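[1] Sequence below, structure please.
(one chain, ligands or ions: 2)
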Amino acid sequence: MSNVKQIFTKLSYHDQNTYNQILYRLEDIFHNCDNELQEIKEIARKIKEGIEKISPFIQQCTEIVCPACKNICCSNKHGYYNREDLVYIHAVGLKPPEFEFGRKDSDPCQFLSVKGCTLERSVRPSGCNWYFCESLLDYMEKRPDYQEFDDSLSDVATLWMELMREITKILQTFHYRWV
Ligand code: SF4
Ligand code: SF4
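    Ligands and ions are numbered 1, 2, ... in the order given. Reported below is the predicted structural model:
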C-alpha cells in the first residue's frame, strides 16, 4: 500500500473545506520545514520581485485600455488561488486574504473595487497575472518599452516553471502528492 499522503486534493474554490484543508497542510509544511524550503522561498522571492518590476508597465496599459471595456474579465471565478498560487503565497511569507465562498462564478470578483483590483499584483491569482486580453495586448505591443516588458515577463514565467518543479520535489520529500 502506498504511504504517499493524498492530502493535496484537487482544489476547487467552490469547496471551502478542501481549500481550508490545503491551507492547513501548507501552513504545517512551511512552519516546520524551513531548511528544506529555502530554494523554493528564493524562487518565490524572485518571482515577486519580477512581477513588481513589470507591474508599472501593466498598470499604465490597463489604465488606458480597461475603462472602455464592455466585458470586464474580473469575475468571481477568476479571483481564487490555485494550489500552486497558495504555495507561492506561503513561500513569500504571506497569508492569503480571506475569501468569501459561495458566490456565483459570474459575480464581480470580491477583490474588484471602483479603482480596480485591491490585491497587490504580486499576490494576485496567477490566472489574473498571466491573462492579457487581445485589446490589452494590442495596446501593449505598440509601446516602445514592450520588448523590455516581454523579456521580463518571460523571466518570471521561467521562474514560475522552476517553482512548479520545486513544489513537486517538496511534495515528494514530504510524501505528499497532488491528487
Ligand atoms: S484586461 Fe481586457 S478584458 Fe479585462 S477589463 Fe481590461 S480590457 Fe477588459
Ligand atoms: S485581477 Fe483582482 S479583481 Fe480581477 S479577478 Fe483577479 S483578483 Fe479579482
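
[2] who touches residue 125 in this structure?
    By CB atoms under 8 Å, 6 or more residues apart in numbering, the residues touching residue 125 are 78-82, 85. (Glycine included, C-beta is placed from N, CA and C.)

[3] Buried ones only from the residues you listed, please, as a ChimeraX command.
    Buried members of these can be picked out in ChimeraX with the line below, counting by 16 or more other CB atoms under 10 Å:
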select :78,79,80,81,85
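
[4] Which of the contacts of residue 125 sits closest to residue 133?
    Of all those, residue 133 sits closest to residue 78, with 11.9 Å by CB to CB.

[5] Surely that closest one and residue 109 touch.
    Yes: using CB atoms under 8 Å, residue 78 is in contact with residue 109, at 6.3 Å.

[6] what does stretch 137-144 rub up against?
    Against stretch 137-144 from outside (CB under 8 Å, 6+ apart): 57, 61, 64-65, 132, 146, 149.

[7] can you pull the buried residues of it?
    Buried-residue list, stretch 137-144, by 16+ other CB under 10 Å: 139-140.

[8] thinking again about what came up before, ranking by neighbours, what's the top pick from the contacts of stretch 137-144?
    Counting by other CB atoms under 10 Å, residue 61 has the largest number of neighbours within the contacts of stretch 137-144, with 20 neighbours.

[9] Would you confirm that that residue contacts residue 135?
    No: counting by CB under 8 Å, residue 61 sits too far from residue 135 to count as a contact (9.9 Å).
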